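J.: Fold the stuff below for me.
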Amino acid sequence: MRQYHLALSLLSAAVLTACGGSGSEGPVVDTSPARGTLAANPPNLVPIPQANGTAVTKLDPAVFKAMLEAAKPGLTQVTGIPKCEITTYYMKYATVGGANEATDATGAIMVPSGSDPACTGPRPVVLYAHGTTVEKSFNMANLRDNAEASLVAAMYAAQGFIVVAPNYAGYDVSSLSYHPYLNAEQQANDMVDSLRAARKAFGKIGAQDSGKLLLTGYSQGGHVAMATQRAMQTTYASEFKVTALAGLSGPYAMSLLGDATFAGSPNAGGTVFLPMITTSWQKSYGGLYSTPSEVYEDKYAATIETLLPGSLSFSELFTKGKLPALALFAKDSLPGPSSPAFAAFFGDGNLIKSSYRDAYLADAVVHPCGANPADPLNCAPTNPFRKAGIKNDLRTYVPTVPVMLCGGKNDPTVFFASTQATAGFFAAKGMPAAALTVLDVDSDPTSASDPFATAKVGFAQVKTATINAAIAANQDPATAVAGVYHGGLVPPFCNAAARGFFQQVLAQ
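T.: Alright, predicted model coming up:
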């Protein structure tokens, strides 16, 4: 994915201008390391390159519609036709890393405007957490070449929501040498600090905050969004008032998913996700290993701590031999796959040493977790990886705001069991049924009045089209669907459902 690296040049220009370098008043520059500091206020206006070689600073709805349809025909049937003009700003802010070390991160602010009533006056704010990416250059301010940023802009900003979308510490030009992946406390702090910084800019960029704060995110971002709501409810309650939370295909139940993976049910992409988690938790807490060679086979151990995020794409990690595509565990590692569906994750050229897996499983036998769905974390593992999994499992509190959890029941990347277990925990702990909505977009409408019928029917249509295309190309339909399920099929429909959920909550 091509990325436009505007960060360094624009920020440098901002500093020069603030110092009187251009003869006109520039942004106020703040180099304080205090959390939530906005480096340049106002932040940098981002030009959006167009197909004809020009660039616009305000994205017209008709132009944006054409961009969306060119990238993915039919997408605006899901996102809705853009109503608002969008102005995008790129910000840099101070935050903390996984070990609470001072660092910085960048992100995007998308501001709607225009004549449509949905685009004028005070607007609700969507604080959006993005999904897993392996490329360090990832930038949510790049609407043209970042597919997730474009989808978020279409779903929310173009429909009248102010969007704040951090890139996270460790990405883009962040000075942090690693990314605190699925570190619930750090990622919540990162989100909090991005919103603090963005709020400082609102008055200078024409963003009128209505006071309604909506949290959402997809995949990794689903976990991050829920962790952020938890932090805002338990730690930052005097500073933030959340209106609603929509978690989309998130690995909230980290302990459950970790145990499933090591027991023989790895998830698709696990040879990428597991190293990201392991490096994150090692850098954050220490103690997961003394050297990477304790965890990884020698072929991968020497470079793995600095591999992710980096310069290679997902596919390049495999084609260049940096990671195995499927073989997480050795062919002879026991127990073997929990079912034939997971057989491909056991093979030659595997990533994880059997000795490391054996130690994990031995601890799981002695210290099982999850026996009681209403108290799943009432266990005391001694294995460092399992202890970190418990620490980052979000089944520790009950949200006091309306919550929607969306996903697809056949997701091979983030198992829907995470959503079901988390919803079950909330219900068991007394969360009112009216406050908790669980949506499986890969299901039939429950009735003619099903509020999510459009998302379910749309998902089924796109899934069927994927199957038909595979058959026409003499490919295996099941493999074709699995390959795009988590990253392509589910995101538009869960985001559309989240927007509808937010609009319903705001109308109450």
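J.: residues of the longest helix belonging to the chain that come out buried?
T.: In the chain, with assignment by DSSP state H, the single longest helix is helix 184-205. Buried residues in helix 184-205, counting neighbours by 16 or more other C-beta atoms under 10 Å, are found at 184-202, 205. For the C-beta atoms, the positions are set from N, CA and C on the backbone; glycine is no exception.
J.: Return the list of helices and strands in contact with the next helix or strand along the chain from that helix.
T.: Sequence-wise, the next helix or strand downstream of helix 184-205 (DSSP states H and E) is strand 209-218. Counting contacts by 3 or more C-beta pairs under 8 Å, 6 or more residues apart in numbering; DSSP states H and E, strand 209-218 packs against strand 123-129, helix 184-205, helix 220-234, strand 242-248, helix 490-507.
J.: Run through who's touching the third one.
T.: Residues from elsewhere that reach helix 220-234 (C-beta atoms under 8 Å, 6 or more residues apart in numbering): 127-132, 181-182, 184-185, 187-189, 191-192, 215-217, 239-242, 245-252, 254, 394, 396-397, 399-401, 414, 422.
J.: Looking only at it, what residues are buried by neighbour count?
T.: For helix 220-234, burial by neighbour count (16+ other C-beta under 10 Å) applies to 220-233.
J.: quick one, it and helix 490-507 angle?
T.: Helix 220-234 runs at 30 degrees relative to helix 490-507, counting by axes from the mean of the first three to the mean of the last three C-alpha atoms, to 10 degrees.
J.: Please tell me how far helix 220-234 is from the chain's geometric centre.
T.: How far helix 220-234 lies from its chain's middle: 11 Å, per C-alpha atoms, centre = their mean, to the nearest Å.
J.: wait, is Ala105 part of a helix?
T.: No - Ala105: not assigned to a helix; according to DSSP: H, G, I helix; E, B strand; the rest coil it is strand.
J.: Just give me the neighbour total for it.
T.: 28 (other C-beta atoms under 10 Å).
J.: SS state for the nearest residue to it once chain neighbours are set aside?
T.: Among residues not flanking Ala105 along the chain, Ala169 sits closest, at 4.4 Å (C-beta to C-beta, 6 or more residues apart in numbering). Following three-state DSSP, Ala169 is assigned to coil.
J.: Can we start the residue count at 27 from this point?
T.: Yes, from this point I'll number from 27; that puts the last item at Ala195.
J.: what separates Ala195 from Leu282, distance-wise?
T.: Using C-beta to C-beta, to the nearest Å, Ala195 is found at 26 Å from Leu282.
J.: out of the two, which sits in the busier spot?
T.: More crowded of Ala195 and Leu282, by other C-beta under 10 Å: Ala195, with 29 against 23.
J.: Lys348 and His205, how far apart?
T.: Going from Lys348 to His205 by C-beta to C-beta gives 17 Å.
J.: So if I had to pick from the two, which one is more boxed in?
T.: With neighbours defined as other C-beta under 10 Å, Lys348 and His205 compare such that His205 has more, 31 against 19.
J.: show me the residues around that one that make contact.
T.: Going by C-beta under 8 Å, 6+ apart, His205 touches 194-197, 302, 306, 334-335.
J.: So, low pLDDT: which residues of the protein?
T.: 27-51 (pLDDT under 70).
J.: quick one, strands of it?
T.: For the chain, the strands defined by DSSP state E cover 54-55, 66-67, 70-71, 74-75, 81-82, 111-122, 128-139, 149-155, 188-192, 235-244, 268-274, 429-433, 462-466.
J.: Take the ones you listed and lay them out in JSON lines including distance to Ala180.
T.: Formatted as JSON lines, the strands of the chain follow (distance: least, C-beta to C-beta, whole Å):
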{"stretch": "strand 54-55", "distance to Ala180": "32"}
{"stretch": "strand 66-67", "distance to Ala180": "27"}
{"stretch": "strand 70-71", "distance to Ala180": "20"}
{"stretch": "strand 74-75", "distance to Ala180": "13"}
{"stretch": "strand 81-82", "distance to Ala180": "16"}
{"stretch": "strand 111-122", "distance to Ala180": "9"}
{"stretch": "strand 128-139", "distance to Ala180": "10"}
{"stretch": "strand 149-155", "distance to Ala180": "12"}
{"stretch": "strand 188-192", "distance to Ala180": "11"}
{"stretch": "strand 235-244", "distance to Ala180": "14"}
{"stretch": "strand 268-274", "distance to Ala180": "15"}
{"stretch": "strand 429-433", "distance to Ala180": "17"}
{"stretch": "strand 462-466", "distance to Ala180": "20"}
